[in-house]
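> sequence-free structure coming up:
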């Protein structure tokens, strides 16, 4: 079964509103989680590294104020897309590394901004 | 900076035929190497990984990959493809520190002809 749960799996929102996406590690603790963005028919691009108890680390070109990341506990990281616009429509995927094994990926969230 | 090249965007094979998906990487040292599979609208599932040791790695679903340091390659193979193998395949590299912050190739879409 899934060891990383991501919700919602899809969401449609109006332009200008905010959307929160959750990523949970179900049976292990993750001090670090990663958020990726995937455009249609393209690869996954790392957006940011979520660190429990400290600020997230953003990749170059990713707007910190638009993509708010909170790693509130050892099993939960959230990505909030603020003031969403149509160009933010994409597939967002989180991953959580489990020590000495692998990084498990969530199911992904399809965001459509209308 | 690290990079991953998957030269084949789309490959079509007949069911029962053999398969090889190519992956080349650029990295300062020998990275951790991964192959993931993604079904439409889904997250990623790890097929196999290479950290060190035997350069021929066995994975799930009958897949294997061979690390060739001299060619900076990590090609994925399967001797007999099944229709259910149709999906998108991503090669990825990660730092040997084991952070699991991954850099992905653009992916290869596999179509299987019955």
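Nice, I can see it. Remember, it's a predicted structure, so these values are computed and weren't measured experimentally. Residues are numbered from 1 along each chain as shown, chains lettered A, B, ... in the order given.

> buried stuff in stretch A:21-28?
Going by neighbour count (16 or more other C-beta atoms under 10 Å in any protein chain shown), the buried part of stretch A:21-28 is A:21-25. (Each C-beta comes from the backbone N, C-alpha and C, glycine too.)

> show me what residue 109 is bridged to.
Since you didn't name a chain, this refers to chain A. Using DSSP bridges, the bridge partners assigned to residue A:109 are residue A:92.

> sorry, I should have been clearer: chain B.
Applying DSSP bridges, one finds that residue B:109 bridges with residue B:10, residue B:88.

> is it true that it touches residue B:10?
Yes. Contact criterion C-beta atoms under 8 Å: residue B:109 and residue B:10 qualify, at 4.7 Å.

> who has more neighbours, those two?
A count of neighbours by other C-beta atoms under 10 Å in any protein chain shown puts residue B:109 above the other of residue B:109 and residue B:10, at 15 against 11.

> sketch out the low-pLDDT regions of the chain for me.
No chain specified, so I'll use chain A. Along chain A, segments meeting pLDDT under 70 span A:1-2.

> actually it's chain B I care about, not the one you picked
Counting by pLDDT under 70, chain B shows no low-confidence range.

> what residues does it have near chain A?
With C-beta under 8 Å from any C-beta of the partner chain as the criterion, chain B meets chain A at residues B:34, B:36, B:41-46, B:49, B:90, B:94, B:98-107.

> with adjacent residues omitted, what lies nearest to residue 31?
This is for chain A. residue A:52 (4.7 Å; C-beta to C-beta, 6 or more residues apart in numbering or on different chains).

> I was thinking of chain B, sorry if that wasn't clear
Nearest to residue B:31 is residue B:93, by C-beta to C-beta, 6+ apart, at 4.2 Å.

> so the one you found touches residue B:27, yeah?
Yes. Here residue B:93 lies in contact with residue B:27, judged by C-beta under 8 Å, at a distance of 5.8 Å.
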